[in-house]
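# following is a predicted model, sequence given first.
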Amino acid sequence: MSLPIITADQRLAEPRGIKGCIFGKSGIGKTSLLWTLDPARTLFIDLEAGDLAIEGWPGDSIRPRTWAECRDFAVFIGGPNPALRDEQPYSPAHHAAVCQKFGDPAALDRYDTIFVDSITVAGRLCFQWCKGQPEAVSEKTGKPDVRGAYGLHGREMIAWLTHLQHTRGCNVWFVGILDEKFDDFNRRIFQPQIDGSKT
């Protein structure tokens with residue numbers, strides 16, 4: 001067995017996609033940017049139920065309603081991560097189970113852009129799911145443990161975003177709401193509206 005070196009020519013010939021975030025205040029036209037993309041080559045992940053702005057856009061969409069569905073779509077789009085154990089999300093076992101449910105992932109080959117609207121809602125779905133996990137309950141008192149929920153939330157969101165980020169041959173755009181706030185010195189600042197400082 002030889003060392004699996006990837007030559008510069010091989011690396012440059014690999015399909016690569018852009019990964020990016022689009023943040024802006026509500027109603028500014030973030031979702032409307034779908035009109036600038038080729039509808040035949042774009043898959044719209046509609047978490048926001050905000051497709052009124054793009055009514056008439058002729059592209060395909062999917063509408064995950066739970067965090068489990070978000071994870072399933074991510075592994076279906078990005079493929080399995082061979083470094084993970086079978087019981088972990090995004091593992092080869094997770095990918096195989098999702099392929100049994102959705103069919104052949106080659107159906108996604110027609111898309112070169114994934115447009116996720118929005119990371120804000122994905123964060124809400126994730127945090128809601130995290131609050132129901134054993135980690136979000138104190139072992140001592142049996143009461144909800146917000147710190148445990150936020151810790152799990154941070155790990156879940158980073159794993160989801162990283163998995164989609166590593167989808168090599170695809171452009172992935174995340175849309176998010178930008179909040180306008182004022183700091184202690186009354187200066188206007190903007191920050192993404194996402195639960196959890198780690199995310």
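Nice, I can see it. These figures come from a predicted structure and were not determined experimentally. Residues are numbered from 1 along each chain as shown.

# Glu62 against Leu43, yeah?
Wrong residue type there; residue 62 is Ile, not Glu. Yes: Ile62 lies in contact with Leu43 (C-beta atoms under 8 Å); the separation is 6.9 Å. C-beta here means a position set from N, CA and C on the backbone, and glycine is covered the same way.

# which helix runs longest in this structure?
helix 146-165 (DSSP state H).

# so after it, what's the next helix or strand?
strand 171-182 (DSSP states H and E).

# with only the CA atoms kept, save that next one in PDB.
Output of strand 171-182 as PDB, limited to C-alpha atoms (Å, rounded to 0.1, in the frame of the first residue of the first chain):
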ATOM      1  CA  ASN A 171     -22.300  25.400  -2.600                       C
ATOM      2  CA  VAL A 172     -24.100  25.700   0.800                       C
ATOM      3  CA  TRP A 173     -25.700  29.100   1.800                       C
ATOM      4  CA  PHE A 174     -27.100  29.600   5.300                       C
ATOM      5  CA  VAL A 175     -29.500  32.500   5.800                       C
ATOM      6  CA  GLY A 176     -29.900  34.000   9.300                       C
ATOM      7  CA  ILE A 177     -31.700  36.900  11.000                       C
ATOM      8  CA  LEU A 178     -29.500  39.700  12.200                       C
ATOM      9  CA  ASP A 179     -30.500  41.500  15.500                       C
ATOM     10  CA  GLU A 180     -29.800  45.100  16.000                       C
ATOM     11  CA  LYS A 181     -28.900  46.000  19.600                       C
ATOM     12  CA  PHE A 182     -27.200  48.700  21.600                       C
END
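
# pLDDT on that strand, on average?
Strand 171-182 comes out with an average pLDDT of 93.

# just stretch 124-132 next, same as before
In this model, stretch 124-132 has a mean pLDDT of 95.

# what residues of it count as buried?
125-127, 129-131 (16 or more other C-beta atoms under 10 Å).

# got the contact list for it?
The contact list for stretch 124-132, computed with C-beta atoms under 8 Å, 6 or more residues apart in numbering, reads 47, 64-68, 70, 136, 144, 149-150, 152-153, 156-157, 160, 195-196.

# please repeat the previous calculation with a cut-off of 10 Å.
Applying C-beta atoms under 10 Å, 6 or more residues apart in numbering, the contact partners of stretch 124-132 are 47, 64-71, 118, 136-137, 144-146, 148-157, 159-160, 193-196, 199.

# now the helix or strand where Ala68 lies, how far from the chain's geometric center?
In the assignment (DSSP H and E), Ala68 maps to helix 67-78. Centre-to-centre, helix 67-78 and its host chain are 8 Å apart (C-alpha atoms, centre = their mean, to the nearest Å).

# tell me what that helix is packed against?
Using 3 or more C-beta pairs under 10 Å, 6 or more residues apart in numbering; DSSP states H and E as the contact test, the elements touching helix 67-78 are strand 42-46, strand 60-62, helix 92-102, strand 113-117, helix 119-131, helix 146-165, strand 171-182.

# contacting residues around the helix-or-strand element of the chain with minimal mean pLDDT?
Least confident element among the helices and strands of the chain, by mean pLDDT, DSSP states H and E: helix 8-13 (a mean of 81). Residues outside helix 8-13 that contact it (C-beta under 10 Å, 6+ apart): Thr7.
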